[in-house]
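Peer 1: just need the structure, nothing else, for what follows:
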Amino acid sequence: MTLPVLTAAVCRAGKSVSRDGVWLYGAYTLGGALGVAVVAGVVLHRLGAAGSLLLMIGTNAVVGAVCFLRDRALRLSAERAAHDPAPNTGRRGPSAPGNY
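Peer 2: Numbering: from 1, shown residues only. Reported below is the predicted structural model:
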């Protein structure tokens, strides 16, 4: 279910889905295969089934919290940018007050 969410995020960012989607799908597939190999080859043998489950729960909680906080920070900075006046560049153009 995470791949459709990631694809939607890439689409919203205005990027090309064809190129970025391929990289996203490749990274998603490689990460899934690597995760299965690590869990089956290392984690289950060292921590057992219950320990592995707790490790995965903790990992997902940390990743979810980081994503939530990052999204919140990005939204707040976008809101601030929308409400702040345009930065003063020090230049006066034809539309600047005082130029007739």
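Peer 1: which helices and strands sit right next to the one helix or strand R72 maps to?
Peer 2: Here R72 sits within helix 44-83, counting by DSSP states H and E. Contacting helix 44-83 under the criterion 3 or more C-beta pairs under 8 Å, 6 or more residues apart in numbering; DSSP states H and E is no other helix or strand. (Glycine included, C-beta is placed from N, CA and C.)
Peer 1: got the buried residues for that helix?
Peer 2: Neighbour-count burial for helix 44-83, counted by 16 or more other C-beta atoms under 10 Å, picks out S52.
Peer 1: export the helix-or-strand element of the chain with minimal mean pLDDT as CSV, just CAs?
Peer 2: Of all helical and strand segments in the chain, the minimum by mean pLDDT, DSSP states H and E falls on helix 2-12, at a mean of 71. Once non-C-alpha atoms are left out, helix 2-12 reads as follows in CSV (Å, rounded to 0.1, in the frame of the first residue of the first chain):
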residue,chain,number,x,y,z
THR,A,2,3.0,2.4,0.4
LEU,A,3,3.9,2.3,-3.3
PRO,A,4,0.7,4.0,-4.4
VAL,A,5,1.1,6.7,-1.7
LEU,A,6,4.7,7.3,-2.8
THR,A,7,3.7,7.5,-6.4
ALA,A,8,1.0,10.0,-5.5
ALA,A,9,3.5,12.1,-3.7
VAL,A,10,5.8,12.1,-6.7
CYS,A,11,2.9,13.1,-9.0
ARG,A,12,1.9,16.0,-6.7
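Peer 1: what residues does that helix touch?
Peer 2: V17, D20, G21, L24, Y25, Y28 (C-beta atoms under 8 Å, 6 or more residues apart in numbering).
Peer 1: just the buried subset of the residues you listed, written out for ChimeraX, thanks.
Peer 2: This is how ChimeraX selects the buried members of the contacts of helix 2-12, with burial counted by 16+ other C-beta under 10 Å:
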select :21,24
